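Chemist: Below are the sequence and a predicted model for it; my questions follow.
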Amino acid sequence: MSSDFAVDGPTGRSAMRLVLAEDSVLFREGLSRLLEEAGFEVVAVAGDATGALELVDKHRPDVAVLDVRMPPTHTDEGLRAACDIRLRYPEVGILVLSQYVETSYTARLMAEGTEGVGYLLKDRVSNVTELAEAVRRVGSGGCVVDPQVVSRLLGRRRPASGLDRLSERERAVLALMAEGRSNHAVAQGLFMSEKTVESHVRTIFTKLDLAPAGDDHRRVLAVLEYLRAGPPESAVDGRDDQPTSR
């Protein structure tokens, strides 16, 4: 089965160590079992954001997997805990799970960069292959953004910015970059050669006025501009906070 996510780097290494935070006992136990069956070591689980922070401090895992909405208010406790973990322990990968397509939450999570961070809809959990690849990618310093979130970002109306100078094809390339895909994976997804993708990426850098620097650094800056480019009009009064339809 093909996956929505590209994974770089070796896979034949010792199991990644995970801390899992989810307030639903049933979902937490099921997710923990799925992750362990996929070859990960779940070293500890928590039912709230405070517990998650304490467990990360104690165990220093490779990846912390957190639900966005946890007690006591069930709003953004998990997201705030994820941001705290990123500041305290930048070496720990962060994978946030959500039932909702929340583009503003994605931008907040990636405000300090896209390395070792991911935002995945809970619908994806049923696909163990996608879930495992997402965990491995953020644990290896990569980035994962759920395709449904990227689709919402791609279709929304934004204030005038450098993004408006991009062609439709260049925007499609940038959308896949925002999902965390490598140039090779972008080429496969858009049925073009890697050389063509590289050309589009260089043009994106130029149109977004990203000064010459390491391509990895400019890639992060391009994705950040894409994610930060203003809330969609539908987000007024929380209307961007829509449950997934799948």
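Modeler: Structure received. All of these numbers come straight from a predicted model, not from anything done at the bench.
Chemist: So which elements touch the host helix or strand of residue 170?
Modeler: Per DSSP states H and E, residue 170 falls inside helix 168-178. Under the contact definition 3 or more Cβ pairs under 8 Å, 6 or more residues apart in numbering; DSSP states H and E, helix 168-178 sits against helix 147-155, helix 183-190, helix 194-207, helix 215-228. Yep, even glycine has a C-beta here, placed from its N, CA and C like the rest.
Chemist: Of all these, which one comes closest to residue 35?
Modeler: Closest approach to residue 35 among the helices and strands packed on helix 168-178 (Cβ to Cβ): helix 147-155, 21.1 Å.
Chemist: any idea of the mean pLDDT for that closest one?
Modeler: Helix 147-155 shows an average pLDDT of 66 in the prediction.
Chemist: now do stretch 48-59
Modeler: On average, stretch 48-59 scores 94.
Chemist: just stretch 171-191 next, same as before
Modeler: Average pLDDT, stretch 171-191: 88.
Chemist: Can you get me the start-to-end distance on it?
Modeler: This stretch, stretch 171-191, spans 15 Å end to end (Cα to Cα, to the nearest Å).
Chemist: in that stretch, what's buried?
Modeler: Neighbour counts over stretch 171-191 (16 or more other Cβ atoms under 10 Å) mark 171-183, 185-190 as buried.
Chemist: centroid residue for this structure?
Modeler: With distances taken as Cα atoms, centre = their mean, the residue of the chain nearest its centroid is residue 118 (2.3 Å).
Chemist: quick one on the thing from earlier: can I get the helices and strands packed on helix 168-178 in CSV including distance to residue 27?
Modeler: CSV is the format used below for these (distance: least, Cβ to Cβ, whole Å):
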stretch, distance to residue 27
helix 147-155, 19
helix 183-190, 29
helix 194-207, 37
helix 215-228, 27
